[in-house]
Each structure stands twice: as structure tokens, then as C-alpha cells.
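# Sequence unavailable; structure follows:
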């Protein structure tokens with residue numbers, strides 16, 4: 001270690017959600033904190049992920065609203081799209097949040113070092129500008145990068161990952177989305193609503209893997225109705241640029257499709273190459289994930305890892321939760337590890353998807369006998385008022401010996417603004433509540449949340465409307 005290395009209670013490598021959450025939470029607890037970030041604090045989520053993607057989805061929502069305005073008696077011309085304006089608005093939103101985050105870190109006296117950090121022996125962080133930082137504790141939070149496919153290396157012209165796609169000023173006329181998971185469905189939904197002809201190619205038997213089948217069926221029907229062509233159980237084998245700005249994608253059993261662009265959305269991989277220098281005892285598995293225990297300890301004392309760098313759900317809010325676990329562990333406070341089987345998931349395609357806990361299939365595979373209730377938004381007054389009655393709420397509960405519904409195992413929603421409605425369902429799953437307890441909650445009328453309340457009430461055997 002350099003004799004001039006500055007010492008801190010906590011040094012964080014990476015300024016994304018897991019990293020900056022650890023820094024802010026630790027600083028709020030009185031720890032001296034330094035963050036090493038190679039670009040801008042906020043990470044992929046703020047600059048090339050969650051926030052930009054949702055801004056474009058909101059552009060699509062506004063477009064749909066204007067296009068359907070005549071149904072409400074509001075007369076307007078059919079809308080067009082200037083995607084460069086949406087791009088500029090996206091950047092304005094991102095910059096505002098970034099400046100706010102920077103200001104908050106400065107307010108809490110967090111030292112920020114611009115550069116790429118590496119963990120050296122003795123809990124020393126070496127930055128590529130020559131700076132060395134010594135931490136009593138270290139948090140590794142270097143995040144992830146998009147996975148690519150052989151033969152589909154991104155060029156920013158025809159082949160895109162999320163990084164390149166979210167910087168576009170103009171949408172393609174037609175596109176293939178490789179990957180029908182959460183991110184792929186969000187991109188497909190955005191482009192389709194704004195006029196792009198979209199084909200989704202998914203290697204697994206169904207899109208949105210991990211989601212409940214009833215939820216997936218609703219999304220699939222909506223996609224089909226809107227002209228999104230979805231092929232599941234097919235692998236892509238390559239593509240051949242045609243010389244005039246497009247390419248022909250080969251997939252399945254000799255099938256082909258010619259499009260203007262290809263969006264590769266096959267997940268993300270941890271950014272761990274070169275993160276740990278020789279001489280430390282931090283272990284990295286063969287997939288590149290840093291190995292941790294339930295309290296986020298790595299295999300070196302005083303060194304933690306959080307976020308996309310570890311093999312946990314790649315969700316920004318999971319990174320936040322893991323950061324809190326780390327700081328409480330450092331402080332010796334009462335602590336509860338993250339229960340990854342019960343974290344909330346939100347997918348912002350149209351229609352939206354939100355869930356927590358077991359799907360019906362997963363609950364049965366885990367050995368539970370279950371009782372299931374479903375209610376559709378078609379019977380919800382607020383859904384009909386806003387003109388978005390597509391979707392449902394599904395609640396899975398453990399079946400008791402007398403046949404009644406016991407603890408709630410999973411809550412699954414698809415439909416209007418369900419990403420904002422999941423809170424009570426998430427709490428029900430995590431508190432292992434039973435339907436009678438949740439049925440006491442009064443749902444305001446008319447609201448979309450009444451559908452959740454009605455679904456839970458029906459599990460008590462005394463639903464109001466079904």
C-alpha cells in the first residue's frame with residue numbers, strides 16, 4: 001500500500017444502484033465513505049437501463065393515449081413520432097436524477113474518485129489514475145454489461161444491445177428482438193407502439209420466463225393483437241447484412257426474416273474481469289459472479305459484493321436491499337438477509353406485469369398444494385373508466401388440510417399500472433399473511449387496486465363480486 005493512501009471506513013468500487021446505496025446508507029450512519037466510479041454515478045440503471053427504457057415506454061403510452069383520444073370524445077389529429085424529442089427528454093430526466101444523486105453524495109461528504117478501481121491485497125483499492133484508497137471495509141459493486149451472441153456483435157447500426165438502442169434518435173421501420181424476457185418485451189412493446197414492425201425470437205418455450213402462465217398468456221394475446229410476431233422455442237443462427245442498411249436473420253429450422261435492426265436482449269453478465277488482483281482471497285465463479293454468503297460477505301474478511309456482480313436477481317432494488325444488509329453487517333446491527341424468492345418484480349411492457357413470490361407452477365413444483373383466485377380488470381370500474389381493462393390479478397395461497405386458503409405464496413398482476421399496485425401483494429407474501437388478514441384492508445373505490453382486494457376476498461370464500 002502506498003504511504004499516501006487515504007483511509008476510509010468504507011470504499012465502494014462502482015457507483016451504480018448497489019454501490020451508491022451502500023455509500024449513501026453508510027454515510028448516513030456516520031461512516032467515512034469513498035466511491036470509485038469509472039463513468040457517472042447512477043450506473044447502468046440510471047444512464048443506460050431502467051430510467052431511459054421507462055422514459056421511452058412512457059413515450060409509447062402517451063402515443064397510445066393520443067391515438068385513442070376519440071374514444072373519450074377528445075378530437076385530435078392522429079399522432080406522429082419525433083423520437084429525437086423523446087431522446088432529448090430522456091436525457092433531461094437522466095441528467096436531473098444524476099445531478100440530484102451527485103448533490104446528495106456531496107451533501108453526505110462522500111469522496112468520489114473517477115476511474116476504474118481494482119481490489120488489491122490488504123483491502124486496498126487501486127484506481128487507474130494512480131490513486132490508492134484503503135478501506136476498513138470494501139464493497140464490490142462493479143455491475144454488469146449486456147450479454148451478446150456469437151455473430152451478433154453490436155455495431156450500433158444494425159445490431160444493438162440495450163446500450164446502443166437507448167441512444168437512438170430514430171426508430172427502425174422493422175426489428176427483430178432476440179430474447180423474450182423482461183427487457184426484450186419492454187423494447188418490443190415500445191417499438192411496436194411507436195410504429196416499428198417487431199418480431200420477437202425466444203429460445204425458451206415461453207416468453208417472460210419465471211412469470212406465471214396466466215400472466216404470460218395475457219401479454220402474449222396483447223402482443224399478437226398489436227401485430228408483434230412472437231416465436232418461442234427457436235434459436236437464432238446468424239444474420240447476413242443486405243448492404244442497404246438492413247439484415248436477414250436466420251432462426252429456427254431454416255427460417256429467415258429481413259429487418260432494419262436487431263436488438264439483442266439475452267441478459268447481462270457480471271463486470272468482474274480484472275476487478276480482483278492476485279493476492280486477495282475473493283473468489284469468482286466460472287460465470288464471473290463474485291461468490292458471497294447471505295450477508296453479502298465474499299470469501300475475504302471485510303470485503304462484500306452486491307448487485308449484478310453477484311448471482312442474485314439483476315434488479316436495481318435488489319442492489320439497494322443488499323447494500324442495506326452490508327452496512328448493517330458492518331455496523332453490527334440486527335440484520336435480515338434478502339429473501340430472493342419474495343422480491344418484487346416489475347416489467348413495464350404494455351400491458352405491465354408485476355409479481356412477488358411463487359407462480360402457480362413454481363409453488364406446485366416446490367411441493368405445495370395450492371388454492372388459486374383470479375379476477376380480471378374487466379370488472380374493475382376504474383379500469384373501464386381509463387379504457388384499460390385488459391389483464392388480471394392472480395393470488396396463490398397454500399391449501400390447508402380443510403381445503404381453505406392459508407398463507408399467501410404469490411401475487412401476480414398484469415394490466416394497467418400494476419407496477420404501482422404490487423405493494424400490498426408484496427407485503428402479503430413477505431409477511432406470510434393469510435387471506436382473512438389482507439381482506440380487512442379497505443380498498444378505495446373506484447381504484448384499480450380493488451381488483452387485488454376482490455381477489456384476496458374471494459379466497460376467504462366471501463368475495464363481493466365473484
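Thanks, I have the structure now. Predicted model, so just to flag it, every value in this text is computed and none were measured.

# rest of the way, CA atoms for contacts and neighbours
Noted.

# now residue 458, what's its secondary structure?
Classification of residue 458 using DSSP: H, G, I helix; E, B strand; the rest coil returns helix.

# these two touch, right, residue 252 and residue 232?
No - the pair residue 252 and residue 232 does not pass the contact test of Cα atoms under 8 Å, sitting 9.5 Å apart.

# ok now do residue 201, which residues does it touch?
Taking Cα atoms under 8 Å, 6 or more residues apart in numbering, we find residue 201 in contact with 176-180, 230-232, 234-236.

# Could you do residue 251 as well?
Shown in contact with residue 251 (Cα under 8 Å, 6+ apart): 234-238.

# Could you chop this structure up by domain?
6-145+269-340, 159-266, 351-459 (automatic domain parsing).

# Tell me which of these sits nearest to residue 152.
Among those, the nearest to residue 152 by Cα to Cα is domain 159-266 (6.6 Å).

# re earlier: of all the domains of the chain, which one is nearest residue 151?
Taking Cα to Cα, domain 159-266 is the member of these nearest to residue 151, at 5.8 Å.

# Identify each of the helices in the protein and give its residue range.
17-28, 43-48, 50-67, 83-107, 162-165, 182-193, 213-225, 316-331, 360-365, 381-386, 422-430, 435-438, 450-459 (DSSP state H).

# helices or strands next to the longest strand anywhere in the chain in the packing?
When the chain is parsed with DSSP state E, its longest strand is strand 405-415. Packed against strand 405-415 by the contact rule (3 or more Cα pairs under 8 Å, 6 or more residues apart in numbering; DSSP states H and E) you find helix 213-225, strand 352-357, strand 392-399, helix 422-430, helix 435-438.

# What pairs with it, parallel or antiparallel?
strand 352-357 (antiparallel), strand 392-399 (antiparallel) (DSSP bridges).

# and those strands as TSV, adding mean pLDDT and distance to residue 272?
Output for the strands paired with strand 405-415, formatted as TSV (pLDDT from 0 to 100; distance: least, Cα to Cα, whole Å):
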stretch	mean pLDDT	distance to residue 272
strand 352-357	98	29
strand 392-399	98	38
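
# Nearest the middle, which residue of the chain would you pick?
Ranked by distance to the mean C-alpha position of the chain (Cα atoms, centre = their mean), the top residue is residue 315 at 4.5 Å.

# And it, how close does it get to residue 37?
Distance from residue 315 to residue 37, counting by Cα to Cα, to the nearest Å: 19 Å.

# Could you count how many residues lie near residue 266?
The number of residues packed around residue 266, counting by other Cα atoms under 10 Å, is 21.

# Now the phi/psi pair for it, please.
With angles defined as degrees, to the nearest 10, residue 266 sits at phi -120, psi 30.

# Now do the contacts for it.
146-148, 178-179, 181, 184.

# Which pLDDT value belongs to it?
Note on residue 266: pLDDT of 96.

# quick one on the thing from earlier: do you know how far the residue nearest to the centre of the chain is from residue 17?
9 Å.

# between these two, what contacts are shared?
residue 307.

# Do me a favour and get the end-to-end distance for stretch 117-129?
OK, stretch 117-129 end separation, Cα to Cα: 9 Å.

# any idea how far residue 368 is from residue 120?
Residue 120 is 47 Å from residue 368, where distance means Cα to Cα.

# what's the answer for residue 446, then?
35 Å.

# next one: residue 30
45 Å.

# of the contacts of residue 266, buried ones?
148, 178-179, 181, 184 (16 or more other Cα atoms under 10 Å).

# Point out the ones among those residues that are inside strands.
Counting by DSSP E, the buried ones among the contacts of residue 266 contribute residue 178 to strands.

# of all the buried ones among the contacts of residue 266, which comes closest to residue 281?
For the buried ones among the contacts of residue 266, the nearest to residue 281 is residue 148 (29.7 Å; Cα to Cα).

# thought that closest one was touching residue 264?
Yes - the criterion here is Cα under 8 Å, and residue 148 meets it with residue 264 at 6.8 Å.

# Determine the residues that are contacts of both of those two.
Joint contacts of residue 148 and residue 264 (Cα under 8 Å, 6+ apart) are residue 161.

# re earlier: how near is the residue nearest to the centre of the chain to residue 163?
17 Å.

# Repeat that for residue 106.
Here residue 106 is placed at a distance of 28 Å from residue 163 (Cα to Cα).

# Between the two, point out the one with more neighbours.
A direct count of neighbours by other Cα under 10 Å for residue 106 and residue 163 places residue 163 higher, at 16 against 13.

# Contact partners for that one?
Taking Cα under 8 Å, 6+ apart, we find residue 163 in contact with 48-49, 146.

# and if we set it to 10 Å?
Applying Cα atoms under 10 Å, 6 or more residues apart in numbering, we find residue 163 in contact with 44, 47-49, 145-146, 154, 156.

# ok, now residue 277?
118-121, 125-126.

# returning to what we had before: show me what contacts the residue nearest to the centre of the chain?
Neighbouring residues of residue 315 by Cα under 10 Å, 6+ apart: 17-18, 45, 50, 307-308, 343-346.

# what do you get for residue 151?
Residue 151 neighbours (Cα under 10 Å, 6+ apart): 159, 236-240.

# ok, back up a step: can I get the contacts of residue 277 in a markdown table with neighbour count and pLDDT?
Converted to a markdown table, these look like this (neighbours: other Cα atoms under 10 Å; pLDDT from 0 to 100):
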| residue | neighbour count | pLDDT |
| --- | --- | --- |
| 118 | 22 | 98 |
| 119 | 25 | 98 |
| 120 | 19 | 97 |
| 121 | 16 | 97 |
| 125 | 27 | 97 |
| 126 | 23 | 97 |
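
# Quick check: chain neighbours aside, which residue is closest to residue 441?
Sequence neighbours aside, residue 453 is the residue nearest to residue 441 in space, at 7.6 Å (criterion: Cα to Cα, 6 or more residues apart in numbering).

# okay, now that neighbour: neighbour count?
24.

# Over to the one 5 residues further on?
For residue 458, the number of neighbouring residues by other Cα under 10 Å comes to 22.

# wait, it sits on residue 397?
No - counting by Cα atoms under 10 Å, residue 458 does not reach residue 397; the two are 11.6 Å apart.

# Between these two, which contacts overlap?
Joint contacts of residue 458 and residue 397 (Cα under 10 Å, 6+ apart) are 372-373, 405, 435.

# For ChimeraX, what selects the buried ones among those residues?
Buried subset of those, written as a ChimeraX selection, criterion 16+ other Cα under 10 Å:
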select :372,373,405,435
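
# thinking again about what came up before, just send the contacts of residue 151 back as a markdown table, with pLDDT and distance to residue 195 too.
A markdown table is the format used below for the contacts of residue 151 (pLDDT from 0 to 100; distance: Cα to Cα, whole Å):
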| residue | pLDDT | distance to residue 195 |
| --- | --- | --- |
| 159 | 97 | 19 |
| 236 | 97 | 24 |
| 237 | 95 | 27 |
| 238 | 96 | 25 |
| 239 | 97 | 23 |
| 240 | 96 | 24 |
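
# would you list the residues you listed in JSON lines and tack on neighbour count and distance to residue 418?
Shown next, in JSON lines, are the contacts of residue 151 (neighbours: other Cα atoms under 10 Å; distance: Cα to Cα, whole Å):
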{"residue": "159", "neighbour count": "23", "distance to residue 418": "32"}
{"residue": "236", "neighbour count": "22", "distance to residue 418": "32"}
{"residue": "237", "neighbour count": "17", "distance to residue 418": "36"}
{"residue": "238", "neighbour count": "14", "distance to residue 418": "37"}
{"residue": "239", "neighbour count": "19", "distance to residue 418": "37"}
{"residue": "240", "neighbour count": "12", "distance to residue 418": "40"}
